[in-house]
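> sequence and predicted structure are below.
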Amino acid sequence: MQPTLDRCAACGGPLTDRYYTLTDRPERYCARCIATRPRCATCGAPLGAQYWRLHDGRLQCAACHATAVYDPAVARALFDETVTGVVAQLGLTLNVGVAFRLVDAPTLEGLRAGGSAPPPVGYNTLGLYQRRNHIRAIYMLYGLPRLGFRTTVAHEYAHAWQGERCPLLRDDELREGHAEWVAYYHLRWLGCVKAANRMLTSQHPYRPALERVLALERQLGVAGVNAYLTRAE
């Protein structure tokens, strides 16, 4: 049965009382499903009868599964397209390239725990840039929807650029704000203006950092933001 606005998108039951929605999603959910059903690991929606269990245990709803990136070759092509777009739009070139790896959730968590500060409360790790000795790599979680995948690649590529061009930068808010700024502009470059605008109104823990860099941009311009980072410590 196809979900309708007068029925719960998870259980199909009639919505006779209050209902719940997710940001920018038309589906409506009853209070029982919100309280009791397992959630999609990607978008947080209560799962209906049709969902996918990934090999690392994550559960994926039908909507996220429809555009999810599972194939390493497809992931590599999207990674390359994203990097090319970021370089063309914002001029963030690297003298030394960065490797790309598509990994599952336990592998990504192990990498993060072994070499990075813990993420802020309310933030799920979807990608990670790390430099270990001479190896520089961006690790991406497999099974992300395409737009989320590209947004995360743009964010992590910004960290790769920071690691090469401003390695002494210790201001974490500025680092994360700049990475979110790069992701924001990549969304706009893709024509996903609504998704970009959601970054300005969301409850994401990095939103204040993004607002700080956008304020810098209003003063200095796009090129000035990147130059500012190379001088900051």
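In hand now; what should we look at? Note that the structure is predicted; figures quoted are calculated from it, not measured.
> nearest residue to the residue nearest in space to the middle of the chain in space, please, no chain neighbours.
Geometric centre of the chain, nearest residue: residue 152, 3.8 Å, by CA atoms, centre = their mean. Computed as CB to CB, 6 or more residues apart in numbering, the closest residue to residue 152 that is not its neighbour in sequence is residue 127, at 4.1 Å. From N, CA and C alone the C-beta is placed, and that goes for glycine too.
> by mean pLDDT, which helix or strand of the protein comes out lowest?
Least confident helix or strand, the chain: helix 105-115 with a mean of 86, by mean pLDDT, DSSP states H and E.
> in that helix, what's buried?
105, 108, 111-112 (16 or more other CB atoms under 10 Å).
> hang on, residue 142 packs against residue 69?
Yes. Judged on CB atoms under 8 Å, residue 142 makes contact with residue 69 at a distance of 6.7 Å.
> overlap of the contact sets of these two?
Here residue 142 and residue 69 have 75, 102 as joint contacts, going by CB atoms under 8 Å, 6 or more residues apart in numbering.
> three-state assignment of the closest residue in space to residue 93 that isn't next to it in sequence?
Nearest residue to residue 93, sequence neighbours excluded (CB to CB, 6+ apart): residue 87, at 5.6 Å. Following DSSP: H, G, I helix; E, B strand; the rest coil, residue 87 is assigned to helix.
> quick one: pLDDT of residue 87?
According to the prediction, residue 87 has pLDDT 97.
> how near is it to residue 167?
For residue 87, the distance to residue 167 equals 20 Å [CB to CB, to the nearest Å].
> now what about the helix of greatest length in the chain, what contacts it?
Secondary structure of the chain per DSSP state H: the longest helix is helix 207-231. Contacts to helix 207-231, defined as CB under 8 Å, 6+ apart, come from residues 90-92, 162, 165-166, 169, 173-174, 176-178, 180-181, 184-185, 199-200.
> are any of the residues you listed buried, and which?
Among the contacts of helix 207-231, those classed as buried by 16+ other CB under 10 Å are 90, 92, 162, 165-166, 169, 174, 176-178, 180-181, 184-185, 199.
> off-centre distance for stretch 185-195?
Stretch 185-195 has its C-alpha centroid displaced from the chain centroid by 13 Å (CA atoms, centre = their mean, to the nearest Å).
> name the SS class of residue 29, please.
strand.
> residues contacting it?
Contacts for residue 29 were tallied using CB under 8 Å, 6+ apart; they are 8-10, 19-21, 45-46.
> what about the residue nearest to residue 22 when sequence neighbours are not counted, how many neighbours?
Setting aside the residues directly before and after it, residue 22 is nearest to residue 45 in space (CB to CB, 6+ apart), at 5.8 Å. Applying other CB atoms under 10 Å, we find 23 residues neighbouring residue 45.
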